[in-house]
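Enquirer: 3D, please:
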Amino acid sequence: MKLLTTLLLLAGSVHAQLLPDQKLIDFQQLAALFAKQYAPYEWKRDALGIDLLHIGPWLERVRTSKDDLEFYEVCAQYVASLNDVHSQFFLPSDFYAQLGFEVDLYDGKPLIEFIDAATARSFSFRTGDELVSLDGKTVADWLKEFRKYTVFGNSRSTDRSNASLITLRLQAIYPRAAQIGDDATVVVRRKSTGELETYKMAWEKGGLPISIVGPVPSPKLSSAREAAGAEPSDLQAISGLRNLRLPAQKNLRGIGEVTPIFQPSFPASFVRRLGRTTDFFYSGTFESSGKRIGFIRVPDFLAYNGPDAAPFALRQFETEISFLEANTDGLVVDVMRNPGGDGCFAEDLLRRLIPYRFRGLGQEIRVTRSWILAFSQAIEEAKFFGIDQGTISRLELLLAELQKAYQQNRGRTDSIPHCGIAFERDPVAVVYTKPVLLLSDEFTVSAAEGFAAIFQDSKRGQVFGWRTAGAGGSVGGAVTTGFYSEARASVTETLLVRAGQVIGSEYPTTSYIENVGVRPDVAVDYMTEANLTNRGKAFFDAFTAAVVGLIK
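Expert: Numbering: from 1, shown residues only. Below is the predicted model:
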């Protein structure tokens, strides 16, 4: 019976495939989505040499694709070629497979950083050991494979993120994730002995994999398809421009978590104030070199379209800032492994950290009809609710800017305020006035990068750590990219513009955050073997010395 079932599945996978014309239609719909809505097109073309409108080679690959999975691979690789963490192609699958341990790159080596309890009891390898290969393929080869389907804005962030996919396969982003056996052959180099050890480990699988798309005949006559669904409401559409958050499918240990990754290294003098599961932040104080240092971690910047938690979070942040202003000599703010969120919430927090007027982020919007309608409706609503004429006039100027850009070929606005109707931001009554050190890393993403850019451009203090991810735009929700294939994709709809410029050899001089990221003033790498084995102590000691230096 098992053999018969297998044969039937194989037969179905051979015959029940998308038709060639259906693949071409769906791929061109995907390309049209990016041609219409993708804001960084010109930046990618000029700075990276990537032209998403040049689809001839991609169409040829679609024509010659042998099955539905290969078609999905072509689509995923087309989107991944943009080197844009916000833009991602998603298969209609919830299949996953995982082993009981996780890997990340420390000193460039794939070291085991987490082992679940059951795996630790069953196998002898330990945290800090090196993963050499899985199923006969080296880690370098696996990273090269995954890089074709899912990327960040720079190669280091990409490879670190994709290291997690070696032991956690997600078919939504890796089309052939389900093509694995029941067991994996894992080769590990033991740190204690330097010897290679081979293990056979069972994959834990879940969800429903996809290998073929439900067949349907193509219409015999071509006809126009009416757009379905109503336009989004005005304020909701405008607030969508504030969504600066990493797509949920990206995986990394500690990302978005309240507790900092180096928390075990806090000294005995550390007194925690916030950090419960119900808190928005992690905070406390400790002493070093005769100075009292405050610490506050911002794990994310809330979801722009989630529950209205911002007033409660701001109140909690203000309470901490009031205490820290009165009881510390300097402050460390941690936005490492912060996946982003609401860009305007990020600017609100900075109004409580920068004690003088500063310039907020700008954004260049790739204009579509939906944005014009959203701003027009927002103006009507502002008039209905009696909003002041100054605000209405500014909204009308922004609408005129959108309409002007809309008339141009692939029109994009000049830089307009990301939040509110003006670039300038003033501090609030409760603000921290003493030295501040900001911690960043290659998984400081999106809104967190905007936060770091404003902090740096306003010369509030030093940015300490590593270059951020290079995710510099707002992202819409994933939308259907093909009615036959039922896949979805997210698209970067704006380009964030910082006040300062970045000069370097890797990219043209620019004020964009996309790909470039925010470069630290003091570069110190957390991802070292010493930090893995000593729970971040070297990194903690380094940033403590840095903030003490700022105080002195």
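Enquirer: could you pull out the helices in the stretch 151-300 of the chain for me?
Expert: Using DSSP state H, counting those that start in this stretch, the helices assigned to the stretch 151-300 of the chain run over residues 155-163, 234-239.
Enquirer: what's the burial count for residue 294?
Expert: By the measure other CB atoms under 10 Å, the count of residues near residue 294 is 25. C-beta: built from backbone N, CA, C; applies to glycine.
Enquirer: no, scratch that, I was asking about residue 198
Expert: Look at residue 198: counted by other CB under 10 Å, it has 10 neighbours.
Enquirer: so who does it touch?
Expert: 185-188 (CB atoms under 8 Å, 6 or more residues apart in numbering).
Enquirer: filter these to the buried ones?
Expert: Those of the contacts of residue 198 that meet the buried threshold are 186-188, by 16 or more other CB atoms under 10 Å.
Enquirer: restricted to strands, list those.
Expert: 186-188 (DSSP state E).
Enquirer: and those residues, which is closest to residue 378?
Expert: residue 186 (54.9 Å; CB to CB).
Enquirer: quick revisit: the contacts of residue 198 into TSV, with extra columns for distance to residue 487 and pLDDT?
Expert: Below are the contacts of residue 198 laid out as TSV (distance: CB to CB, whole Å; pLDDT from 0 to 100):
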residue	distance to residue 487	pLDDT
185	32	98
186	31	98
187	35	98
188	36	98
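Enquirer: and which of those is nearest to residue 379?
Expert: Relative to residue 379, the closest of the contacts of residue 198 is residue 186; by CB to CB it sits at 59.9 Å.
Enquirer: any idea how many residues pack against the nearest residue to the closest one once chain neighbours are set aside?
Expert: Leaving aside its sequence neighbours, residue 186 sits nearest to residue 199 (CB to CB, 6 or more residues apart in numbering; 4.7 Å). Residue 199 has 16 neighbours, counted by other CB under 10 Å.
Enquirer: got the contact list for residue 199?
Expert: Counting by CB under 8 Å, 6+ apart, residue 199 has contacts 123, 125, 185-188.
Enquirer: state the distance from it to residue 184.
Expert: Computed as CB to CB, to the nearest Å, the residue 199 to residue 184 distance reads 9 Å.
Enquirer: any idea how this protein splits into domains?
Expert: Domains of the chain are assigned by automatic domain parsing as 96-206, 234-365+421-551, 369-411.
Enquirer: three-state assignment of the nearest residue to residue 157 once chain neighbours are set aside?
Expert: The spatially closest residue to residue 157, leaving aside those adjacent along the chain, is residue 442, at 4.3 Å (CB to CB, 6+ apart). Following DSSP: H, G, I helix; E, B strand; the rest coil, the label given to residue 442 is coil.
Enquirer: wait, doesn't residue 442 sit right on residue 449?
Expert: No: at 10.6 Å, residue 442 does not count as touching residue 449 under the criterion of CB atoms under 8 Å.
Enquirer: which one's more surrounded, these two?
Expert: Using other CB under 10 Å, the more surrounded residue of residue 442 and residue 449 is residue 449, with 32 against 28.
Enquirer: who's in contact with residue 175?
Expert: With CB under 8 Å, 6+ apart, residue 175 has these contacts: 69, 72-73, 76, 91, 149.
Enquirer: looking at those residues, which is nearest residue 530?
Expert: Closest approach to residue 530 among those (CB to CB): residue 149, at 32.3 Å.
Enquirer: and the closest residue to that closest one other than its chain neighbours, helix, strand or coil?
Expert: Excluding its sequence neighbours, the residue lying closest to residue 149 (CB to CB, 6+ apart) is residue 76, at 4.6 Å. Using three-state DSSP, the structure places residue 76 in helix.
Enquirer: contact partners for residue 76?
Expert: Residue 76 sits next to 89, 91, 148-150, 173, 175 when contact means CB under 8 Å, 6+ apart.
Enquirer: including secondary structure, could those residues go into CSV?
Expert: Shown next, in CSV, are the contacts of residue 76 (three-state DSSP):
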residue, secondary structure
89, strand
91, coil
148, coil
149, coil
150, coil
173, coil
175, coil
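Enquirer: just the buried residues out of those, in ChimeraX syntax.
Expert: Buried residues among the contacts of residue 76 (16+ other CB under 10 Å), as a ChimeraX selection:
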select :89,91,149,150,173,175
